[in-house]
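**Student:** Prediction below, plus the sequence it came from.
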Amino acid sequence: MSNINQDFEKWALGFSGMDGGDIGAPSSQAIWVSGIEWGGGHSASSLLEEFNKNVSSPPDGYNDWAHNLKFKYNQQKMKLLSAVQGGIVADYKVFAETKRPFCVGSQGYFKTNLYPVGFRNVNHHHWLDSIAQVTGIETKQGYMDWCRIHRFPKLRSYAAKAKPQLIICAGVTFADDFKRAYAEVNSEFKLELIDGQALRWLRNDDDTLVVVIPFMTSPRGLKRNITIQAFGERIRELLRVGR
């Protein structure tokens, strides 16, 4: 890893790989939603363009609330957030329009990712030679290891400063990574099963609740509305207990 591109390093250690919104503050705590990485996929040329962007501050978010309804993944998140906030999943479109999560000028919601480079899926074969050349990292595994050492402490510092009331993390196979990025060193997740699906949660000393849920668009993931509602209600209950 001695030949890492310095432009990549600067970008990866900033507010990159995030859709943004309102990151919050201790006096006005937000709810964060964290994925693994952007979908769609970066090419080497698009990554070079990303490296030139100013990522010294959190991105402002989407310009249009309808973006939260554009993709299935975002729709599922609106359902869960509606339930967490005391509503029902069936009203997710109304929730998206009235609350405008992750949008410019809205308050209370911030969207981020563990890893900054986007891929169609988490399969390591998407780490092409051209990606290796522009980052200076030979393999996807090497890139992930680098992020765990260097980027994750940055994510933890952002959370420690903003003190979100809740961080919802999607992807149970990445639970250890979510813990590294958002939780205290010696903390451990508690595990609950809801309708056969795993909910992992822990509470940091600063009272931030960190939950890990199944991915919401995978075949065996958190897809059924009745289960999403139950997850949202349980998370809401955990939030109340901690306050």
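**Tutor:** Thanks, I have the structure now.
**Student:** any residues touching the helix ranked longest in the chain, and which ones?
**Tutor:** If you go by DSSP state H, the chain has its longest helix at helix 225-241. Contacting residues not belonging to helix 225-241 are listed as 76, 79-86, 88-90, 165-166, 168, 192, 194-195, 197, 199, 201, 203, 209, 211, 213, 216, 222 [C-beta atoms under 8 Å, 6 or more residues apart in numbering]. Just so you know, the C-beta spots here come from the backbone N, C-alpha and C atoms, and that holds for glycine as well.
**Student:** Which of those fall in helices?
**Tutor:** Using DSSP H, the subset of the contacts of helix 225-241 located in helices is 76, 79-84.
**Student:** Please list only the buried members of the residues you listed.
**Tutor:** Among these, those that count as buried by neighbour count (16 or more other C-beta atoms under 10 Å) are 76, 79-84.
**Student:** Identify, from the residues you listed, the entry nearest to residue 130.
**Tutor:** Top of the list for closeness to residue 130, among those and by C-beta to C-beta, is residue 76 at 32.1 Å.
**Student:** Please enumerate the helices of this structure.
**Tutor:** Assigned by DSSP H, the chain shows helices spanning 6-12, 44-51, 72-84, 92-99, 129-135, 140-146, 152-162, 175-182, 225-241.
**Student:** Quick check: which of those helices is nearest to residue 115?
**Tutor:** When the helices of the chain are compared for distance to residue 115 using C-beta to C-beta, the nearest one is helix 140-146, at 6.9 Å.
**Student:** contact partners of the closest one?
**Tutor:** Helix 140-146 is contacted by residues 1, 4, 115, 117, 124, 126-127, 135, 137 when judged by C-beta under 8 Å, 6+ apart.
**Student:** how does it look with 10 Å?
**Tutor:** Taking contacts as C-beta atoms under 10 Å, 6 or more residues apart in numbering, the residues outside helix 140-146 that touch it are 1, 4, 8-9, 12, 37, 114-117, 119, 122-128, 131-132, 135-137, 139, 151, 174, 177.
**Student:** next one: stretch 47-56
**Tutor:** Applying C-beta under 10 Å, 6+ apart, the external contacts of stretch 47-56 come out as 5-18, 42-43, 59, 116-118, 130-131, 134-135.
**Student:** So, low pLDDT: which residues of the chain?
**Tutor:** In the prediction, the chain carries residues with pLDDT under 70 at positions 1-2, 242-243.
**Student:** Spatially central residue for it, please.
**Tutor:** Averaging the C-alpha coordinates of the chain gives a centre point, and the residue nearest to it by C-alpha atoms, centre = their mean is residue 34 (1.1 Å).
**Student:** Longest strand of this protein, counting residues only.
**Tutor:** With secondary structure taken from DSSP state E, the chain has its longest strand at strand 197-203.
**Student:** What is the neighbour count of residue 41?
**Tutor:** 15 (other C-beta atoms under 10 Å).
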